[in-house]
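**Q** structure for the following, please:
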Amino acid sequence: MYYDDLPIWGFLGKVDKEGKADPSEYKYYLFKHLIFEILHNKDRVIEITVRSDPNALVYLTEDEPVNVDFMYTVKWKETDTPFEKRMDKYSQSSSLPHHLEIHWFSIINSCVTVLLLTGFLATILMRVLKNDFIKYEHDEESADDQEETGWKYIHGDVFRYPKHKSLFAAALGSGTQLFTLAIFIFILALVGVFYPYNRGALFTALVVIYALTSGIAGYTAASFYCQLEGTSWVRNLLLTGSLFCGPLFLTFCFLNTVAIAYKATAALPFGTIVVIFLIWALVTSPLLVLGGIAGKNSKAEFQAPCRITKYPREIPPLPWYRKTLPQMAMAGFLPFSAIYIELYYIFASIWGHRIYTIYSILFIVFIILLIVTAFITVALTYFQLASEDHEWWWRSFLCGGSTGLFIYAYCLYYYNARSDMSGFMQTSFFFGYMACICYGFFLMLGAIGFRASLFFVRHIYRSIKCE
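**A** Numbering: from 1, shown residues only. Sure thing, here's the model as predicted:
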């Protein structure tokens, strides 16, 4: 509950479990008298607390309707605290020493992961590549027997365009837009726009910035689609616009209907829905089309260091751990391990009553997440090419985005072990909206993973002489 953007915590009832082992024997009571204490400085509210009257109880255990007359008492008290400092109490709660120690432990854990991964790439991957370059330049015949240098022999297939290139370009455009959205949100957070518990500002910023960055999605998708020699750029643009908004819109319609059925305040009013629709129709869609037209007319060509052969090379049989799903599991685990400690505080802030204001630490963790995702995707792409598997386009995107699946798996753990949520409405809201958030992470990190792999593949094939 909020009053003048100030959070209010209190108990609405209690459960009597004393001496009862069977949950069916629990007794449930509802408080019908709440006492509010409001501290004010002249005409400005500084702090508000609420407590329940333990003597005003209503027994609710019987499954029968009960008529309750609710009462409340308000006590006003003067305070000298200035209005500008009323949020300090909530901001400082997430900066307490024991909280900061956990956050810094999270960052140290993430940094160790980055250093280990970077060291792995520097000492193993680069040395192998260096040996590959030397062998290809001086003794090509001796390299024929080396399985790990098989990437040289698929130079005519490695830049062959992927299957379903319209969907691939749309996913790349949507992921790029979501990455831009995340950067702008972090900039606003770091300059102090999102003060504690002004959640409306965050949601408003998400809607407005997503609408304004839709041109980036259109430009990226149409430009890359045309580079892949696609012709149906209009259809590609429609797919780009609906790839993320479509599932989000369907999820919102279902969950808002559930909230209306339960007569909950979580349901968005009709006026707000109309405003969001107008933003989508008058801002998002036109910018998407303009970006798509600009991307189509950019005349950019795909930079492939090697010529593509007429017929694709057959991919040799691969062991089970080289398949897509095991590779996704390996790719998603390391980035998730770098952020999982911070995830609890973010979840507790969104779905619980904790306060999260240390945006600088969150931004550092976000940068570490991007670095680890890019590095692990590049490493797996190299091993895939070394085994003469040239279908790396979709694999790099899926491996990069697999962290989103790990985050959704963490949702199951958080719901069962860390939260007190129950009932159809809370469950559907939690898993529905978290599915959309994790899907957004999947697209964003998938785009990061593919871009890193594309840069790496171009670099290694530009360094050798291809016939």
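
**Q** just the terminal-to-terminal distance for stretch 257-270.
**A** Stretch 257-270 has an end-to-end distance of 12 Å (criterion: Cα to Cα, to the nearest Å).

**Q** which other residues reach it?
**A** Stretch 257-270 is contacted from outside by 256, 424-425, 428-429, using Cβ atoms under 8 Å, 6 or more residues apart in numbering. In short, each C-beta sits where N, CA and C put it, glycine included.

**Q** give me that answer again for 10 Å
**A** Stretch 257-270 is contacted from outside by 1, 252, 255-256, 273, 275-276, 423-426, 428-429, 432, using Cβ atoms under 10 Å, 6 or more residues apart in numbering.

**Q** likewise for stretch 273-283?
**A** 207-208, 210-212, 214-215, 241, 245, 249, 252-253, 256, 267-269, 284-285, 288.

**Q** recalculate using a threshold of 8 Å.
**A** 207-208, 211-212, 214, 245, 256.

**Q** report the buried members of the residues you listed.
**A** 207, 211-212, 214, 245, 256 (16 or more other Cβ atoms under 10 Å).

**Q** between all of those, which two are separated the most?
**A** L212 and N256 (24.2 Å; Cβ to Cβ).

**Q** can I get the buried ones among the contacts of stretch 273-283 in CSV including secondary structure and distance to L129?
**A** Below are the buried ones among the contacts of stretch 273-283 laid out as CSV (DSSP: H, G, I helix; E, B strand; the rest coil; distance: Cβ to Cβ, whole Å):
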residue, secondary structure, distance to L129
V207, helix, 45
A211, helix, 43
L212, helix, 41
S214, helix, 39
C245, helix, 41
N256, helix, 52
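
**Q** list just the nearest of these to K323.
**A** C245 (31.7 Å).

**Q** quick check, R458 in contact with Q303.
**A** Yes. Under the criterion of Cβ atoms under 8 Å, R458 makes contact with Q303 at 6.6 Å.

**Q** those two - which one has more neighbours?
**A** Taking neighbours as other Cβ atoms under 10 Å, R458 and Q303 compare with R458 leading, 16 against 10.

**Q** could you find the closest non-adjacent residue to T427?
**A** In space, and not counting its chain neighbours, T427 is closest to M421: 6.5 Å by Cβ to Cβ, 6 or more residues apart in numbering.

**Q** right, and that neighbour touches W351 too?
**A** Yes. Contact criterion Cβ under 8 Å: M421 and W351 qualify, at 7.3 Å.

**Q** which of those two has more neighbours?
**A** Taking other Cβ under 10 Å, M421 and W351 do not tie; W351 has more neighbours (19 against 16).

**Q** now do that one against I38, distance only.
**A** Per Cβ to Cβ, to the nearest Å, W351 is found 27 Å from I38.

**Q** do the same with V158
**A** 67 Å.

**Q** more neighbours: those two, which one.
**A** Under the criterion of other Cβ under 10 Å, the comparison of V158 against I38 puts V158 first, with 26 against 18.

**Q** ok, now which ones touch the closest residue to the more buried one other than its chain neighbours?
**A** Distances taken as Cβ to Cβ, 6+ apart place H390 nearest to V158, at 4.9 Å, with adjacent residues excluded. By Cβ under 8 Å, 6+ apart, the contact set of H390 is 154, 157-158, 160, 312-313, 315.

**Q** does H390 count as helix, strand or coil?
**A** The local conformation at H390, judged by DSSP: H, G, I helix; E, B strand; the rest coil, is coil.

**Q** same question for L39.
**A** Quick answer, by three-state DSSP: L39 is strand.

**Q** what's the answer for K75, then?
**A** Under three-state DSSP, K75 comes out as strand.

**Q** who touches it in this structure?
**A** Counting by Cβ under 8 Å, 6+ apart, K75 has contacts 35-38.

**Q** same question, G173
**A** 216-222, 224, 240.

**Q** for it, give its distance to F455.
**A** Distance from G173 to F455, by Cβ to Cβ: 18 Å.

**Q** burial of D43, as a residue count?
**A** There are 6 residues near D43, going by other Cβ under 10 Å.

**Q** what about this protein, any weak spots by pLDDT?
**A** 90-103, 122, 131-150, 195-199, 465-467 (pLDDT under 70).

**Q** mind doing that once more with 50?
**A** 95, 97, 143-148 (pLDDT under 50).

**Q** determine the set of other helices and strands touching the longest helix along it.
**A** Longest helix of the chain, by residue count under DSSP state H: helix 423-462. Counting contacts by 3 or more Cβ pairs under 8 Å, 6 or more residues apart in numbering; DSSP states H and E, helix 423-462 is packed against helix 165-190, helix 245-261, helix 324-351, helix 359-386, helix 393-401, helix 403-413.

**Q** quick one on the thing from earlier: which of the contacts of K75 count as buried?
**A** 35-36, 38.

**Q** which of these sits closest to Y321?
**A** For those, the nearest to Y321 is F36 (60.4 Å; Cβ to Cβ).

**Q** closest one of the buried ones among the contacts of stretch 273-283 to T73?
**A** The closest of those, once distances to T73 are taken by Cβ to Cβ, is N256, at 34.8 Å.

**Q** measure that closest one to F249 for me?
**A** N256 sits 10 Å away from F249, going by Cβ to Cβ.

**Q** what is the neighbour count of the closest residue to F347 other than its chain neighbours?
**A** Nearest non-adjacent residue to F347, counting by Cβ to Cβ, 6+ apart: Y414, 5.2 Å away. Per other Cβ under 10 Å, the neighbour tally for Y414 reads 19.

**Q** thought Y414 was touching Y344?
**A** Yes. Using Cβ under 8 Å, Y414 is in contact with Y344, at 7.3 Å.

**Q** hang on, the earlier thing: which of the contacts of K75 sit farthest apart?
**A** Most distant of the contacts of K75, by Cβ to Cβ, are I35 and I38, 10.8 Å apart.

**Q** one step back: which of the residues in the longest helix of the chain are buried?
**A** By neighbour count with 16+ other Cβ under 10 Å, helix 423-462 contains the buried residues 425-426, 429-431, 433-436, 438-454, 456-458, 460-461.
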